[in-house]
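Trainee: Mind folding the following:
(chains A and B)
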Amino acid sequence: MNTSLTLPWHHNRLTVTQLPRLCLSNRSGRLGLFLVTLHLVICLSAHSLLPFGFSFLDYASQHPDRIFLPPDMQHWLGTDAMGRDVLARTLLGGAEAMQVAVLATVLSMMLGLLLGISAGLYGGLLDIVVCRCTDLFRAIPWILPLLMVIALFGHSLLTLILVLGLFDAFDIARVIRGATRPQVNQDYIVAARLRGTSGTTLITGEILPNITGIVMVEAAMRLTWMLLRFSSLSFLGFGASPPSADWGLMIAENGPYIAVSLWPALAPAIALGSLIIGINLLADAIDKALPGNLSRTVDQESAQ
Amino acid sequence: MLRLVSKLLLSSLCSLLLMGVLVFMLVEKLPGDACTALLAQDAQPERIEQCRKSLGLDLPSSERFVVWASNLLKGDLGWSLAKRRPVSEIIWPRLSNTLLLGTLAALLSIPLAIVLGFLAGLRPGRKSDNWISLASIGAMALPEFVVALGPMYLFSFATGWLPAVSLLYDAQPVSEQIQYAILPALSIALLVNAHIMRTVRSATIHVMNSHYIQMARFKGVTPTSIVLRHAVRPTLAPCTGTLSLYMAWIFCGVVVVEKVFNYPGLGMLLVNAICERDYPVIQVTCMLMTLICIACSFCGDLCGQLFDPRQRECA
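Mentor: Numbering: from 1, shown residues only, chains lettered A, B, ... in the order given. Modelled structure (predicted):
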């Protein structure tokens, strides 16, 4: 009788230790890993390596006005509208966005996982509530509720992390629910239930390890969206506050002057774009390395 | 059919009501009210009480919600605190600007995106597909304000064909407004194109690999006929839902693009109102945008269920 039980996780299960091998297994994965590592190294070390700070003004320069200097030996990418070094600001500009994006992603993924797995596993009222809430939130562009909350509670980083995280939770829950549903009727879940496994163990010990792949791809996608959203908010003036260096803010400050000097707006745009492309390539590499049925589930969910 | 429409309409109204309650409640939760804002800081408590009574602020919030909502429905949108003018005077020109921009962007993007996505999906892995996919990944990886700077640089700074920022004023003839709307519409079209192309592409691949297309091939149906008669409808019908979401985004989610070009649409109104803490304007703008979004998704659901019987069975 035991032989008829299917043990599915040999095919689908993905552990964190497998990640580097998966990422290095194809060319786009290697490129993605390189880009993301590069950004992390820069983010952690730029403070100690750079000769200028993000708000350093070069009073010793021979040029009297100092603003919009073209690239030279002293300022490799020139200076911006306030006379600050563009390269230094670009290298330092990702830290805040990355912090907010990572924290918001972690928050939204945790909530989304909890809601999604419970909805998929138990069904019933919770399932209906999750689906209806997703429908409502999906119908409205993300920036609208976000601006509403910012209007009321201001735009401290903590508020931004909470709102960005909470807003995405239902959407993630929908995807995770879609991934959980096919698992629920599998024999190993039935067996675990018959053994009398508690709800928590069922979620963390049985279902979660079997949907790790989807969870990682989803988390990577959300991370890129969070980065884009935080940069957009900075651009609108609701994210990072002016003296600090942030990519969105830099583009907002220097964008109107691209006819005068291209680099102050182009450098942060390249930095942000390369980070997001890197994360996307990594997600693609993981997605490709997954067993086909799993990745297709993700694709269908996102297409609907 | 009638049952379908009424069911969808009911759920849309529920969503709208829910959003209305949320918008109302959020502003209610703020410390202070109109009277503490209007009167001096050291005003006597009796004066404040009197003022609250005269403005009807002493009623319970449920009653005030009903009053607020019925006023909105009657077209009385309240007064702007910052501009000292009726909100309706401020909001209608902005709405028409947004509608002009959105319509232009939709016309520029959606037909092209559907055709390109369909072509890419018909021959996955070919050169044309790779180029289309690369372009859409590029547009999706860059933030909206960077994508918007591209057309701005190309058509405004480099060539001088179009104005880079909007100088719209109220009651300007549409023929003059259009020149300011072209560049923002083009930027929005670039962004939306990328997403719609990807959706249509994956739907096309899914349909072209299905059994009935294979069956048609075996029967010797010509490739043109397979594409036009057998593949188009099952590909596009499931996409209507996604399309309606992007339509909602085109009309209400383009705050950032409006900011780049300083285009006076609803989004910029909302951003400026937030900066000025002008809560009546924030409330009304949010409700209006929510209404547009829910109307878009209503149309999308309706079209989806009309053209795609499979969705009807699920619902």
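Trainee: Can you give me the end-to-end span of stretch A:255-262?
Mentor: 8 Å (CA to CA, to the nearest Å).
Trainee: Residue B:221 belongs to a strand, doesn't it?
Mentor: No - using DSSP: H, G, I helix; E, B strand; the rest coil, the assignment for residue B:221 is coil, not a strand.
Trainee: my guess is it contacts residue B:231, does it?
Mentor: No - applying CB atoms under 8 Å, one finds residue B:221 not in contact with residue B:231, separated by 10.8 Å. Any C-beta I mention is one placed from the backbone N, CA and C, and that applies to glycine too.
Trainee: who's more crowded, these two?
Mentor: Neighbour tally, residue B:221 and residue B:231, criterion other CB atoms under 10 Å in any protein chain shown: the higher count belongs to residue B:231, 22 against 15.
Trainee: Next, the contact list for the more buried one, please.
Mentor: B:204, B:207, B:208, B:213 (CB atoms under 8 Å, 6 or more residues apart in numbering or on different chains).
Trainee: What does the pLDDT read for residue A:172?
Mentor: Per-residue pLDDT puts residue A:172 at 89.
Trainee: Report all helices and strands that the helix or strand containing it contacts.
Mentor: Per DSSP states H and E: residue A:172 is located in helix A:157-184. Counting contacts by 3 or more CB pairs under 8 Å, 6 or more residues apart in numbering or on different chains; DSSP states H and E, helix A:157-184 packs against helix A:95-122, helix A:124-139, helix A:143-153, helix A:212-236, helix A:292-303.
Trainee: Residue B:129: what's its closest spatial neighbour, skipping adjacent residues?
Mentor: Computed as CB to CB, 6 or more residues apart in numbering or on different chains, the closest residue to residue B:129 that is not its neighbour in sequence is residue B:120, at 4.4 Å.
Trainee: from the helices and strands packed on helix A:157-184, which stretch is densest packed?
Mentor: Of the helices and strands packed on helix A:157-184, the one with the most neighbours on average (mean count of other CB atoms under 10 Å in any protein chain shown) is helix A:212-236, at a mean of 24.
Trainee: Say whether chain B is contacted by it.
Mentor: Yes - against chain B, helix A:212-236 shows contacts by CB under 8 Å from any CB of the partner chain at A:224, A:228, A:231, A:232, A:235, A:236.
Trainee: show me what contacts the first one?
Mentor: If I follow you right, that is residue A:224. Counted by CB under 8 Å, 6+ apart, residue A:224 has contacts A:276, A:279, A:280, A:283, B:141.
Trainee: Local confidence estimate at the fourth one?
Mentor: So that's residue A:283. For residue A:283, the model assigns a pLDDT of 82.
Trainee: Helices of the stretch 101-250 of chain B, residue ranges please.
Mentor: Remark: helices assigned in the stretch 101-250 of chain B by DSSP state H, counting those that start in this stretch are B:127-141, B:144-152, B:174-208, B:211-219, B:223-225, B:232-252.
Trainee: Show me which residues of the longest one are buried.
Mentor: Of the residues in helix B:174-208, those with enough neighbours to count as buried (16 or more other CB atoms under 10 Å in any protein chain shown) are B:177, B:180-208.
Trainee: just those that are near chain A?
Mentor: B:199, B:202, B:203, B:206.
Trainee: Turn those residues into TSV, including pLDDT.
Mentor: Formatted as TSV, these follow (pLDDT from 0 to 100):
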residue	pLDDT
B:199	85
B:202	84
B:203	86
B:206	84
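Trainee: Now render the residues you listed as CSV, adding distance to residue B:299.
Mentor: Output for these, formatted as CSV (distance: CB to CB, whole Å):
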residue, distance to residue B:299
B:199, 17
B:202, 23
B:203, 19
B:206, 24
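Trainee: okay, now residue B:229: neighbour count?
Mentor: By other CB under 10 Å, neighbour count at residue B:229 equals 12.
Trainee: now the nearest residue to it once chain neighbours are set aside: how far from residue B:230?
Mentor: In this structure, residue B:229 finds its nearest non-sequential neighbour in residue B:221, 8.0 Å apart by CB to CB, 6+ apart. Going from residue B:221 to residue B:230 by CB to CB, to the nearest Å gives 7 Å.
Trainee: on that earlier part again, which of the contacts of residue A:224 fall in helices?
Mentor: A:276, A:279, A:280, A:283, B:141 (DSSP state H).
Trainee: where's the fourth one relative to residue B:199, distance?
Mentor: Plainly put, residue A:283 is 18 Å away from residue B:199 if you go by CB to CB.
Trainee: try the last one
Mentor: Plainly put, residue B:141 is 17 Å away from residue B:199 if you go by CB to CB.
Trainee: What's the end-to-end length of stretch B:143-162?
Mentor: 23 Å.
Trainee: Please list the residues outside that stretch that contact it.
Mentor: Here stretch B:143-162 has contacts from A:228, A:231-232, A:235, A:248, A:251-252, A:255, A:258-259, A:265, A:269, A:272-273, B:139, B:163-164, B:179, B:182-184, B:186-187, B:190-191, B:254, B:256-257, B:259-261, using CB under 8 Å, 6+ apart.
Trainee: again, only using 7 Å
Mentor: Stretch B:143-162 is touched from outside by A:228, A:231-232, A:235, A:248, A:251, A:255, A:258-259, A:265, A:269, A:272, B:139, B:163-164, B:179, B:182-183, B:186-187, B:190-191, B:256-257, B:260, with contacts defined as CB atoms under 7 Å, 6 or more residues apart in numbering or on different chains.
Trainee: again, but for stretch B:294-305
Mentor: A:139, B:4-5, B:8, B:12, B:15-16, B:237, B:240-241, B:243-245, B:247-248, B:311-312, B:315.
Trainee: do stretch A:18-36 as well
Mentor: A:274, A:275, A:277, A:278, A:279, A:281, A:282, A:284, A:285, A:286, A:288, A:289.
Trainee: same question, stretch B:122-129
Mentor: B:119, B:120, B:204, B:205, B:208, B:227.
Trainee: Could you rerun that using 8 Å?
Mentor: B:119, B:120, B:121, B:201, B:204, B:205, B:208, B:227.
Trainee: What of stretch B:164-183?
Mentor: B:93, B:97, B:100-101, B:104, B:151-152, B:155-157, B:162-163, B:184, B:261-264.
Trainee: Check the stretch 51-200 of chain A for the residue nearest chain B and tell me.
Mentor: Relative to chain B, the nearest point of the stretch 51-200 of chain A is residue A:141 (3.0 Å; CB to the nearest CB).
Trainee: Tell me the residue of chain B that sits nearest chain A?
Mentor: Closest point on chain B to chain A, by CB to the nearest CB, is residue B:253, at 3.0 Å.
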